[in-house]
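Trainee: quick one, structure for this:
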Amino acid sequence: MNEVHRAAPAIGVLLAACAGSVDTLAFFGLGRAFAGNITGNLVTAGYGVAAGDAALIKPTVTAVAGCICGEITWAWLLRRPGAANWLLLVQLALLALVLTGWLAAGSHPAGAAALVLLALAAVALGGQSIWALRIHQTTTYFTGMLTKSVSAAAGGSPASLATSARQLCGLLAGAILGGVMLHWLRPGAAVVPLVLLSAAAAVHVHGRNADAAATPH
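Mentor: The predicted structure is shown next:
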């Protein structure tokens, strides 16, 4: 098993924490829509349609569209050799743009500015979800994973339940950290995802370099 595979659980937890912090920022700072939770957004959009409330429809549709665009783009790019080694940097760039816009708006973006930042965050998480599949980790969509894990545990295979618990704890930790920053140090809330994603990228690069050093020439 190579170094990147051994590091996959750590990368998965860091990416789940990143997703938790991004969704916290998106929902509570960019328009009451999740950047990486399509199911919740579609339910909210459905209610918005029923109630004729454009304030609910616009952000949720923006987030869903952004997430799907990120997934499609990353899935296409990952067909290219070596793309997995730099696509985390693309996600970092997207979140850096979110941070820039967040600070430029005084950490209170509204209207079109909030929708643009929400779209960027959603593209970033959509891409992350596809990237994480390459290391066999779930970092954004947990309902199905948890359901399968509970079913497996009930059938006598508790290992997958432990994996789900680990990832959910990462998500919750990221959400808590993002929430603390939003509540107490709002301008820094958009920094949290960057720090967590940078840590995940560093672990990935370390594993890749260790693999290269261990490969006979």
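Trainee: which regions of the chain sit below the pLDDT cut-off?
Mentor: Applying pLDDT under 70 to the chain flags the ranges 1-5, 207-217.
Trainee: how about the residue nearest the centre of it, secondary structure?
Mentor: Centroid-nearest residue in the chain, with C-alpha atoms, centre = their mean: Ala19, separated by 3.1 Å. Three-state call for Ala19 (DSSP: H, G, I helix; E, B strand; the rest coil): helix.
Trainee: excluding its backbone neighbours, what's nearest it?
Mentor: Counting by C-beta to C-beta, 6 or more residues apart in numbering, Ala19 lies nearest to Thr140, which is 4.9 Å off, once chain neighbours are set aside. Where C-beta positions appear, they are placed from N, C-alpha and C, glycine not excepted.
Trainee: neighbours of the one you found, how many?
Mentor: Applying other C-beta atoms under 10 Å, we find 26 residues neighbouring Thr140.
Trainee: for it, give its distance to Gly20.
Mentor: Per C-beta to C-beta, to the nearest Å, Thr140 is found 9 Å from Gly20.
Trainee: over to Ser129?
Mentor: Applying C-beta to C-beta to Ser129 and Gly20 gives a distance of 13 Å.
Trainee: quick one, which of the two is more surrounded?
Mentor: Between Ser129 and Gly20, counted using other C-beta under 10 Å, Gly20 has the larger neighbour count: 28 against 23.
Trainee: residues in contact with the more buried one?
Mentor: Neighbour list for Gly20: 170-178 [criterion: C-beta atoms under 8 Å, 6 or more residues apart in numbering].
Trainee: nearest residue to it other than its sequence neighbours?
Mentor: Per C-beta to C-beta, 6+ apart, closest to Gly20 is Gly174, 3.0 Å.
Trainee: the one you found contacts Leu25, correct?
Mentor: No: between Gly174 and Leu25 there is no contact under C-beta atoms under 8 Å: 10.1 Å.
Trainee: which neighbours do those two have in common?
Mentor: Counting by C-beta under 8 Å, 6+ apart, the shared contacts of Gly174 and Leu25 are 192-193.
Trainee: the residue nearest to the centre of the chain reaches Gly174, doesn't it?
Mentor: Yes: under the contact definition of C-beta under 8 Å, Ala19 touches Gly174, with a separation of 6.6 Å.
Trainee: dump the residue contacts of Val150.
Mentor: Listed by C-beta under 8 Å, 6+ apart, the contact partners of Val150 are 161, 164.
Trainee: so where does it fall, helix or strand?
Mentor: In this structure, Val150 sits in helix 143-154 according to DSSP states H and E.
Trainee: neighbour count winner among Gly174 and Leu25?
Mentor: A direct count of neighbours by other C-beta under 10 Å for Gly174 and Leu25 places Leu25 higher, at 29 against 25.
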